[in-house]
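>>> The amino acid sequence is not available; the structure is as follows:
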């Protein structure tokens, strides 16, 4: 599975959009981009995933560049409860194991 | 709540003791994963089951660790002769595998502290 690179930390003002970038320049054609987040003292929470098209759900939007080498997770109206570590993970669509390989993630601090 | 549940949430024990953790996955999920997370790091994969079969074990899973999923439902993770380095959060996740991986759903973990 391809490796990902994320900035270690970011700040965002409450009510503004939070844009979290992720580089995955070695991604292959059938690898998906997954985003999870982990709020302090809780287990990771699935947010969204995508292959090549942009995706949106009730939590966030995922924008994947045309060459698929990078993506951005967008939280449209960040709240204090969105303060968490955000992990970008690349996973083969038909991976035999499905095991997730977490990096260090991006610590997002939403400030009032 | 029909999410993944883990028991206990916290465990404090003396070095050398054995500990066992339990994970109850989402009922229709056929895959179950164990991860370990130390302070300031992302979770690390330990092992996973598809139904009752344990299909992969990480090299992190020393011979003091054993995991079971006897009926393809709940799972247990046992650590024998605990060491200081075993102090960590142990996370369980489950997913539905139907030829294609689906998102994993995590429990809130068992925090193990070794005195």
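Perfect, I can see it now. These figures come from a predicted structure and were not determined experimentally.

>>> beta partners for residue 90?
Unless you meant another one, I'm taking chain A. residue A:33 (DSSP bridges).

>>> ah, no, chain B please
Beta bridges link residue B:90 to residue B:36, residue B:110 when assigned by DSSP bridges.

>>> I figured it was touching residue B:38, is that so?
No. Using C-beta atoms under 8 Å, residue B:90 makes no contact with residue B:38, being 10.6 Å away. Backbone N, C-alpha and C define where each C-beta goes, glycine included.

>>> Would you confirm that residue A:81 belongs to a helix?
Yes. Under DSSP: H, G, I helix; E, B strand; the rest coil, residue A:81 falls within a helix.

>>> burial measure for it, as a count.
Number of residues near residue A:81 (other C-beta atoms under 10 Å in any protein chain shown) recorded here: 9.

>>> Which residues are in contact with it?
A:39, A:110 (C-beta atoms under 8 Å, 6 or more residues apart in numbering or on different chains).

>>> okay, and for chain A, where does confidence drop off?
Residues of chain A that meet the criterion pLDDT under 70 lie in A:1-2, A:93-95.

>>> What parts of it come near chain B?
Taking C-beta under 8 Å from any C-beta of the partner chain as the test, the list of chain A residues beside chain B reads A:34, A:41-46, A:49, A:85, A:87, A:91-105.

>>> switch to 6 Å and redo it
Neighbours of chain B within chain A, by C-beta under 6 Å from any C-beta of the partner chain: A:42-44, A:46, A:93, A:95, A:97-99, A:102-103, A:105.

>>> Much appreciated, bye for now.
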